[in-house]
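1. Quick one: sequence and predicted model below, then my questions.
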Amino acid sequence: MEKVIEMKGITKVFPGTIANDNVNFELLSSETHVLLGENGAGKTTLMNILYGLYQQEKGDIYVKGQLVKITNLMRQLN
């Protein structure tokens, strides 16, 4: 099966908080995943990085094996 999305070493820091620290995630074609965790675990932050709402400090995102730069959607809207 082909890797559709792959996130490698994703780190996102907010003032005083590390929301995601070196997170790896991959989604293969025809797979379904669920992100589970306590409140404040970084689930929404990780998805917001994938959507382009937040920019990660470190790490790479690949779509179908190609490195992509997901631009900051909020900047584009303003």
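-> On my side now, so go ahead. Residues are numbered from 1 along each chain as shown.
2. neighbours of residue 29, just the number please.
-> 10 (other CB atoms under 10 Å). No exception for glycine: its C-beta is placed from N, CA and C like everyone else's.
3. Longest helix in this protein, by number of residues?
-> Counting by DSSP state H, the longest helix found in the chain is helix 43-51.
4. which residues are in contact with that helix?
-> The contact list for helix 43-51, computed with CB atoms under 8 Å, 6 or more residues apart in numbering, reads 5, 7, 10, 12, 19-20, 23, 25, 35-37, 54-56, 61, 70, 73.
5. Walking through this protein, point out its strands one by one.
-> 3-14, 17-28, 58-63, 66-68 (DSSP state E).
6. In JSON lines, list those along with distance to residue 43 and mean pLDDT.
-> Compiled in JSON lines, those are given as follows (distance: least, CB to CB, whole Å; pLDDT from 0 to 100):
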{"stretch": "strand 3-14", "distance to residue 43": "12", "mean pLDDT": "96"}
{"stretch": "strand 17-28", "distance to residue 43": "9", "mean pLDDT": "96"}
{"stretch": "strand 58-63", "distance to residue 43": "16", "mean pLDDT": "94"}
{"stretch": "strand 66-68", "distance to residue 43": "21", "mean pLDDT": "90"}
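7. Many thanks, we can stop here.
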